[in-house]
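what's the 3D shape of this:
(chains A and B)
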2 protein chains.
Amino acid sequence: MSPAPSPEKVSARAEAQRVRILDAARVCFSERGFHGASISAIAEVAGMSQGLIYRYFTNKAAIIRAITDEQREERREALAGIATCSELVEKLLEKIDAWRETGPGMTCEGGFDAALFLEVSAEATRDPDIAAVVTAQEPQIWVDFEALVQRSAEAAGKPLDAAALRRRTVVMRCLVDGLILCYVRDPAQDREVLRRSLQEAVTALCL
Amino acid sequence: MSPAPSPEKVSARAEAQRVRILDAARVCFSERGFHGASISAIAEVAGMSQGLIYRYFTNKAAIIRAITDEQREERREALAGIATCSELVEKLLEKIDAWRETGPGMTCEGGFDAALFLEVSAEATRDPDIAAVVTAQEPQIWVDFEALVQRSAEAAGKPLDAAALRRRTVVMRCLVDGLILCYVRDPAQDREVLRRSLQEAVTALCL
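Numbers count the residues shown, from 1 in each chain, chains lettered A, B, ... in the order given. Below is the predicted model of the structure:
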């Protein structure tokens, strides 16, 4: 009888399976949307049984949680590397160009899928498990965004107190989320007009 | 043999059937989402056969087109009755309150369903029929919004030339769409903070 595998090996194998499931889920969500991607479709793309998937994730909400947790880390790192809101607008427009090239599903590098973001937000109004995933994400998004808005205000020589910082951050989040939605609804929109519009808003907000 | 029904009667009956299908579709979309609401589910709620539904609408995209066409008219009338962007923010917050009371699916009076709006936008990235519906809606949305932004700029004593008007309108649309998304993702958000944030932005934009 061969010796039992070491705990390290078991754990590395489990992690590899998890990654394989999440990669397959991303492909399915991107191609078919959140509702269209069933666990059986994900199993097929991952080349494993549905039963095996359920050993790692209890349902689609758990898969979405894992994917958005990864995105949270990527977003935090990306935002931390941005000095001002003006720079944020430029990076967003670059992301929009990346989506335009990728086409349907529009997953850009970093794995952020604009359509999935909208669908998961919508589903949160109906499914308590998904609502819990979205609600759990929100505080960190606020922290990351507020830090950037404060850096930007300081760079403009006008640091904000806590209440004003929150209000400016609400506006910047609305602008960013609105830009994603606006672009998704009308991908042919003039990019230069989008840039100038958003940059004028940032300037008007003293950021 | 009874005489054949008059053309008026046939047409009134067809219109009544159409309304019944659209009402059923709205209920299904609100409860189950765009993907979850199948034609068979809509048929069940409408109390008619799937075959009869297909005589009026070739597919779900055609149903969505009819619903969003109605919303376009309602939005046009609603926006035409608003004098300034500041007033728009107040009306939007009232709408958000109406959603909060309605709960899941969040269809407010006037039939605008925030979740459906997000899902249809997302689906437009994958389904050419839905993309065509969304694209067809966009020009009228721009016309309606630009008229309001110009009224608001004139009320503030700073009328805008065509290019500047377009840019301000891009920003206002991003703010409005972003507010909807922001609220859907975090319905517990402080309404007063939302109001002050958006009103400050409107003031900073000279609207």
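
which stretches of chain A have low pLDDT?
Scanning chain A for pLDDT under 70 picks out the ranges A:1-3, A:103-112.

quick check: longest helix of it.
In terms of residue count, the longest helix belonging to chain A (DSSP state H) is helix A:7-36.

Mind giving me the packing neighbours of the helix or strand following it?
Remark: after helix A:7-36, the chain's next helix or strand is helix A:39-46, criterion DSSP states H and E. Other elements packing on helix A:39-46 under the criterion 3 or more CB pairs under 8 Å, 6 or more residues apart in numbering or on different chains; DSSP states H and E are helix A:7-36, helix A:50-56. The C-beta positions use only the backbone N, C-alpha and C, and glycine is treated the same way.

and helix A:39-46, which residues are buried?
Applying a neighbour-count criterion of 16 or more other CB atoms under 10 Å in any protein chain shown, the buried positions in helix A:39-46 are A:39, A:41-43, A:45-46.

looking at it, A:Val171 is touching B:Ala201, isn't it?
Yes. Using CB atoms under 8 Å, A:Val171 and B:Ala201 qualify as a contacting pair, with a distance of 4.5 Å.

Quickly list what's touching both of these two.
A:205, B:175 (CB atoms under 8 Å, 6 or more residues apart in numbering or on different chains).

Counting neighbours, what do you get for the nearest residue to A:Trp142 once chain neighbours are set aside?
Excluding the flanking residues, the one nearest A:Trp142 by CB to CB, 6 or more residues apart in numbering or on different chains is A:Thr169, at 6.8 Å. Other residues near A:Thr169 come to 24 when the count uses other CB atoms under 10 Å in any protein chain shown.

got a list of what A:Thr169 touches?
A:Thr169 sits next to A:142, A:145-146, A:149 when contact means CB under 8 Å, 6+ apart.

State the distance from it to B:Val170.
Here the distance between A:Thr169 and B:Val170 works out to 20 Å (CB to CB, to the nearest Å).

before we move on, which element is A:Ile141 in?
Taking DSSP H and E as the definition, one finds A:Ile141 inside helix A:128-155.

Show me what that helix is packed against.
Here helix A:128-155 touches helix A:60-80, helix A:85-102, helix A:114-123, helix A:162-185, going by 3+ CB pairs under 8 Å, 6+ apart.

where's the last one relative to the chain centroid, distance-wise?
Put plainly, it is helix A:162-185. For helix A:162-185, the gap between its own C-alpha mean and the chain's C-alpha mean amounts to 15 Å (CA atoms, centre = their mean, to the nearest Å).

Would you pull up how far stretch A:56-71 lies from the middle of the chain?
Between the mean C-alpha position of stretch A:56-71 and that of its chain there is a distance of 12 Å (CA atoms, centre = their mean).

So for that stretch, what gets flagged as buried?
The neighbour-count check on stretch A:56-71 (16+ other CB under 10 Å) flags A:56-57, A:60-61, A:63-68, A:71 as buried.

For the residues you listed, give me a markdown table that also has distance to chain B.
Formatted as a markdown table, the buried residues of stretch A:56-71 follow (distance: CB to the nearest CB, whole Å):
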| residue | distance to chain B |
| --- | --- |
| A:Tyr56 | 24 |
| A:Phe57 | 20 |
| A:Lys60 | 12 |
| A:Ala61 | 14 |
| A:Ile63 | 16 |
| A:Ile64 | 13 |
| A:Arg65 | 15 |
| A:Ala66 | 18 |
| A:Ile67 | 15 |
| A:Thr68 | 11 |
| A:Gln71 | 14 |
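
Out of these, give me the two with the largest separation.
The widest separation within the buried residues of stretch A:56-71, taken as CB to CB, falls between A:Tyr56 and A:Gln71 and amounts to 18.5 Å.

burial count for the closest residue in space to A:Asp144 that isn't next to it in sequence?
Taking CB to CB, 6+ apart as the measure, A:Asp144 lies nearest to A:Leu79, with 4.7 Å between them; neighbours along the chain are not counted. A:Leu79 is flanked by 17 other residues according to other CB under 10 Å.

wait, doesn't A:Leu79 sit right on A:Ala147?
Yes. Under the criterion of CB under 8 Å, A:Leu79 lies in contact with A:Ala147, with a separation of 7.3 Å.

Check which helices and strands the strand or helix carrying A:Ser197 sits against.
Taking DSSP H and E as the criterion, the element that holds A:Ser197 is helix A:191-204. The criterion is 3+ CB pairs under 8 Å, 6+ apart, and the helices and strands that helix A:191-204 contacts are helix A:85-102, helix A:162-185, helix B:162-185.

So which of these is nearest B:Ser197?
Each of these was checked against B:Ser197 via CB to CB, and the shortest separation belongs to helix A:162-185, namely 3.7 Å.
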